[in-house]
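Participant: Next one to model:
(2 chains, ligands or ions: 1)
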Amino acid sequence: MQEVMIPVRLFFSKTGRAKYISHLDTMRTFTRAFRRTSLPLWYTQGFNPHLYMTFPLPLALGVESLREAVDFRLVQEMDFQRVADEMAAVLPPGFGVVEVAPPVMPASAIAWAEYEIRLAYPEQEREAMLFALEGLFDKPSIDVVKKTKKGETLTDIRPHAALLDCKVDENGLWMRVRLAAGSTLNISPQLLLEAFQKHTRPADSVKILRTAILDAERNPFA
Amino acid sequence: MSLEARLEPILEQVQKPARYIGGELNSVVKDPSRVSVRYALCFPDLYEIGMSHLGMKILYSIKNKREDIWCERVFAPAADMEAKMREHQIPLYGLESLEPIAGFDFIGFSLQYELCYTTVLNMLDLAGLPVRSKDRKSLAPIVMAGGPCACNPEPLADFVDLFVLGEGEEVNLELIDLYKQAKEEHWSKEEYLRRASHIPGVYVPSLYQVTYREDGTVREIVPLDGAPARVTKRIIQNLDRVEFPESFVVPFIDIVHDRSMLEVQRGCIRGCRFCQAGFIYRPIRDKRPETLNRDALNLSRTSGYDEVSLTSLSTSDYLGLEELLDQMLPWTEEQQINIALPSLRIDNCSEKLMAQIAKVRKSGLTFAPEAGTQRLRDAINKNLTEEEILSTCRAAFRSGYTAVKLYFMIGLPTETMEDVAGIADLAQKVVDTFYRMPEKPKGKGVQVTVSVSCFVPKPFTPFEFEPQDTPEQLREKQKHLLAHVRSRKISVKYHDSDTSVLEAVLARGDRRLCPVLESAWRAGSRLDGWGEHFSMERWNQAFAQHGLDPAFYAHRRRDYGEVVPWSHLDYGVSRRFLIAENKKAWKSAVTPNCRERCSGCGAAALYSDGEVKPPCKK
Ligand code: SF4
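Facilitator: Numbering: from 1, shown residues only, chains lettered A, B, ... in the order given. Sure, this is the predicted structure:
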């Protein structure tokens, strides 16, 4: 008989080479990491028990992140610092433990995510690109073709996207954006770039970093 | 710009980028300035295949245990990645350091199947190296290869500097130590290879001159420069004490065998006459249950895998199986770890073992009768009777199974059309067995899958003398089989007959095939084992270009007295024994397994003096 069931939220970073690991593979990575610890984890009950684990907001392949979340449960009281230490010891390179805490918000509270995007262009093109980017956000609507399970739909992402900052840097263009996120409406940074690159040439390279996950009031997801 | 930075934009555009970036748990990263030997351990196939191979894991771990060696993994890029690498001039690199392997000391290939040969050439080329051994003049990198195909490596003789025959755990380190001396004393590559040829189990093809008769067969193989006349394969004398990895590199992406693996024994007592592995890995040696249980605990702890597989050529022949399962079941059950038992023959299991297996076995029921009639099963020495197959099926149906998979070969020596029809008959009997059972699972039908591959004659087997069926003959037999299938409960799956012809050519080929291989590769052949890349057309052109006929290699019968291209290589099993076994096959006479009675195959001589272990006799 299990007496207690303690929900836990672990925040982690996924950077460097780890960005090439898809969401599905990230789940497998965590399952195995958990199994290498001595943590008293909660398994689903029933005929084929498996480790309970959910990711409130999956991260796309190719995107780095400073603060992702994974939820799981313990069947015994335990110091969260120890949970953090044990996990830090077993995660592969590229995954870092940021914080372990009791979940405050439900996953459904997630409404926004913020990203830093770096686009590389040759020096002479950078100013024009900056101008084009600002122009994109000056328009009343940004229409993109969004692929969903039901097919392709034309969506205006302008209400769901905010350009927080942008400038020319030593490699090209740097921007900070806030995009709608969550299970009901999720605007990926790749979708925004698609809209941008409809009229401009593709960047020489693209780097995307998720910096924060926020609720509707723009409080950090906790 | 570092290779890692140059890779970035490319990896965004290819399938499964995690194949190409390393960084997996338990991968070994060292400081290059503190090691003296860099080793690129190459598997000439995709990441998912190479990462599933136990031999790679063993060699990786043995080398990296040594502080002075840094061994890295290298796999063949898929077509999309290869195109990007060539476009952006990114050379083949090691997954641990992301540094080009052209600058390494050793490049070692694992040769598991003949169809990987063009990929070996392609990988050398992607590394930026000349594919021909004689065009790589400096000492480093030494290009070496091992694995089962090294038993006749002649089609690769012009490309690879040296081959390791047999088990590599010890000889790899001996080669590395000799290399360190070579580097210190500034030997030439020729000098290194000459000395390496005196290490037992090392075969340096450039030190042998091969001449041919007018009919195309080999006249003579002459050792040069003091190289030994015969090279004998190496075995590990005491398997229980050989190094085994404490951890596996745990991949991010899904691979073919994604689990802990133990090697319970090496070799096989059975002696099925078509099976190369059953002869070239002789004699049988095993590990103690305590050793295996310890290894299983280590791997589970360091990997987090929820499955551990007990591998060998025939795991039910492992004498310590009951004891091992007794030791493993308590902790694996507690940690919810599944024990997988591939290559298990159910027919010779004790009742207790059956009960233990029932606990761990969840996969479907598979059988490998290999041939449809008892007559042909006797000829190939596959000792499995129809009654054994049917009674095991009955037991399985009773416990709820409704699907059975049966593996067969067509094109086996001595085979007649009756034997081919026998495949359909046997499958039908399995179906009938199901419907005749009063206690069959209610409301369900039975599904029998018949998987048919084409027989490929291999060196060091009693069938090395035999011609392979032509594709026409094989297609004829496939048709004949289909015509005999009368039930919709039976589905038949075929393997491609074209690739088996190429396999047969390369398996028993000589060095004259080297230019053919190079031409086929230059024309675009690589990853030939993957249907979508294979073109027999391209190969046929390459054969024609060099005036060679594939049929000479694939479809010709060899005299017992012929000098075969691998005559100078010794795998323990004597030619006399192979001839005797071939004669018995033609009389459909069986040979007892090694434990019933030692047949004096010759493999006992591989034990160092006075150390012959049972069941082998001196
Ligand atoms: S020497 Fe005898 S027991 Fe040993 S492998 Fe050969 S036949 Fe089998």
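
Participant: most centrally placed residue in the chain?
Facilitator: Picking chain A for this. residue A:59 (4.1 Å; C-alpha atoms, centre = their mean).

Participant: Actually, chain B is the one I wanted.
Facilitator: Nearest to the geometric centre of chain B sits residue B:112, at 3.8 Å (C-alpha atoms, centre = their mean).

Participant: what number of residues lie near the closest residue to that residue other than its chain neighbours?
Facilitator: Computed as C-beta to C-beta, 6 or more residues apart in numbering or on different chains, the closest residue to residue B:112 that is not its neighbour in sequence is residue B:147, at 5.3 Å. C-beta here means a position set from N, CA and C on the backbone, and glycine is covered the same way. Per other C-beta atoms under 10 Å in any protein chain shown, the neighbour tally for residue B:147 reads 23.

Participant: can you check the one 10 residues further on too?
Facilitator: Neighbourhood size, residue B:157 [other C-beta under 10 Å]: 22.

Participant: Find the nearest non-adjacent residue to the residue of chain A found nearest chain B, please.
Facilitator: In chain A, the residue that lies nearest chain B is residue A:32 (3.2 Å; C-beta to the nearest C-beta). Of all residues not flanking residue A:32 in the chain, residue B:304 sits nearest, at 3.2 Å (C-beta to C-beta, 6+ apart).

Participant: In contact with the one you found, which residues?
Facilitator: Each residue near residue B:304 by C-beta atoms under 8 Å, 6 or more residues apart in numbering or on different chains is listed here: A:31, A:32, A:33, A:34, A:35, A:36, A:90, B:250.

Participant: okay, how far is it across stretch B:605-618, tip to tip?
Facilitator: Stretch B:605-618 has an end-to-end distance of 7 Å (C-alpha to C-alpha, to the nearest Å).

Participant: nope, stretch B:528-542 is what I was after
Facilitator: Using C-alpha to C-alpha, the end-to-end distance of stretch B:528-542 comes to 14 Å.

Participant: before we move on, the earlier item: my guess is the residue nearest to the centre of chain A meets residue A:67, correct?
Facilitator: No - using C-beta atoms under 8 Å, residue A:59 is not in contact with residue A:67, being 10.4 Å away.

Participant: list the residues that contact both of these two?
Facilitator: Jointly contacting residue A:59 and residue A:67 under the rule C-beta under 8 Å, 6+ apart are residue A:210.

Participant: so where do the helices sit in the stretch 151-300 of chain B?
Facilitator: With DSSP state H, counting those that start in this stretch as the criterion, the stretch 151-300 of chain B has helices at B:169-184, B:189-196, B:277-280, B:289-303.

Participant: Sketch out the low-pLDDT regions of chain A for me.
Facilitator: A:1-3 (pLDDT under 70).

Participant: Can you tell me which residues in it are near chain B?
Facilitator: With C-beta under 8 Å from any C-beta of the partner chain as the criterion, chain A meets chain B at residues A:16-18, A:20-22, A:25-26, A:28-29, A:31-36, A:43, A:49, A:61-62, A:90-94, A:204-207.

Participant: and the closest residue to residue B:231 other than its chain neighbours, what does it touch?
Facilitator: Counting by C-beta to C-beta, 6+ apart, residue B:203 is the residue found nearest to residue B:231 once chain neighbours are left out, at 4.4 Å. Going by C-beta under 8 Å, 6+ apart, residue B:203 touches B:150, B:153, B:162, B:163, B:164, B:165, B:197, B:231, B:569.

Participant: And for residue B:445?
Facilitator: Shown in contact with residue B:445 (C-beta under 8 Å, 6+ apart): B:402, B:489.

Participant: Could you tell me the model confidence score at it?
Facilitator: Listed pLDDT for residue B:445 reads 85.

Participant: Next: the one 4 residues further on.
Facilitator: According to the predicted model, the pLDDT of residue B:449 comes to 94.

Participant: cool, and the one 4 residues further on?
Facilitator: Reported pLDDT at residue B:453 in the predicted model: 94.

Participant: That one - that's part of a strand, no?
Facilitator: Yes - assessed with DSSP: H, G, I helix; E, B strand; the rest coil, residue B:453 lies in a strand.

Participant: nearest residue to it other than its sequence neighbours?
Facilitator: Sequence neighbours aside, residue B:495 is the residue nearest to residue B:453 in space, at 4.3 Å (criterion: C-beta to C-beta, 6+ apart).

Participant: Can you give me the distance of residue A:85 to residue A:33?
Facilitator: Distance, residue A:85 to residue A:33, by C-beta to C-beta, to the nearest Å: 13 Å.

Participant: Not counting its neighbours along the chain, what's nearest residue 50?
Facilitator: All of this refers to chain A. residue A:44 (5.5 Å).

Participant: that's the wrong chain, I meant chain B
Facilitator: Nearest non-adjacent residue to residue B:50, counting by C-beta to C-beta, 6+ apart: residue B:43, 3.0 Å away.

Participant: Same question for residue A:65.
Facilitator: Residue A:65 sits nearest to residue A:210 (C-beta to C-beta, 6+ apart), 3.9 Å away.

Participant: Pick out the residue in chain B sitting closest to chain A.
Facilitator: residue B:304 (3.2 Å).

Participant: where in chain B is pLDDT low?
Facilitator: Those would be B:343-364, B:441-442, if you go by pLDDT under 70 across chain B.

Participant: got the residues of it near chain A?
Facilitator: For chain B, the contact set with chain A under C-beta under 8 Å from any C-beta comprises B:8-9, B:11-12, B:17-18, B:20-25, B:250, B:252-254, B:301-306, B:335-336.
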